[in-house]
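J.: need a 3D model of the following:
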Amino acid sequence: MSSGAEPRSRLLPAGFNHEAAAVVTILLGVFQVMLSVVLFYTDPALPKFFLLPLLLGILIITGGSFTFANERNASRLLLRGCACSHLVGLVGTLLAFCLYCYTLNAFSNTDHCGPSPTMATQPGCPKEWLAVYGTSVTLLLLLYDTGAAVMHSLLTVSALKALKTD
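T.: Purely as a prediction, here's the structure:
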């Protein structure tokens, strides 16, 4: 380890491991990307909505990768890239949080089947099942987004403090 990485580990609590946080951040981004593929097929109300978790997942993976690279080979340039990518990722996750909440609120209360004499004997219709599935995928995205926002905020504070001390 170089001398640039050692003061950084003292800025947050003693048990905070930057490499583990980077791996968790990368995994949260991978989950976002994987769920964007599922969302492509489940949400007909917003046809381009799958792009949000796809781009956000790529952004989250980038932030985690910068953190991991900075822990392996500490340099001021990597630290600056780490801080910038985490700031952009934090803004992106907060915007995505608002959009996910809006999507859950706006599209969960709509009637997908309507009155139909053929569907009167069944407990639901396929469009309703698909809407429930889409809502559960959006809830998972909201959960992973919240975790990514927490990780980005911790790593942003750490990177900004390390930039000030160097």
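J.: roughly how far does residue 159 sit from residue 35?
T.: Distance, residue 159 to residue 35, using Cβ to Cβ, to the nearest Å: 27 Å. Yep, even glycine has a C-beta here, placed from its N, CA and C like the rest.
J.: more neighbours: these two, which one.
T.: residue 159 (27 against 20; other Cβ atoms under 10 Å).
J.: output the contacting helices and strands for the helix or strand harbouring the more buried one.
T.: Residue 159 is located in helix 126-165, with elements delineated by DSSP states H and E. When contacts are defined as 3 or more Cβ pairs under 8 Å, 6 or more residues apart in numbering; DSSP states H and E, helix 126-165 sits against helix 6-9, helix 18-42, helix 51-72, helix 76-107.
J.: any idea of the angle it forms with helix 76-107?
T.: Here the directions of helix 126-165 and helix 76-107 differ by 150 degrees (axes from the mean of the first three to the mean of the last three Cα atoms, to 10 degrees).
J.: what's the mean pLDDT across helix 126-165?
T.: The average pLDDT within helix 126-165 is 85.
J.: contact partners for residue 159?
T.: 8, 67, 70, 79, 82-83, 86 (Cβ atoms under 8 Å, 6 or more residues apart in numbering).
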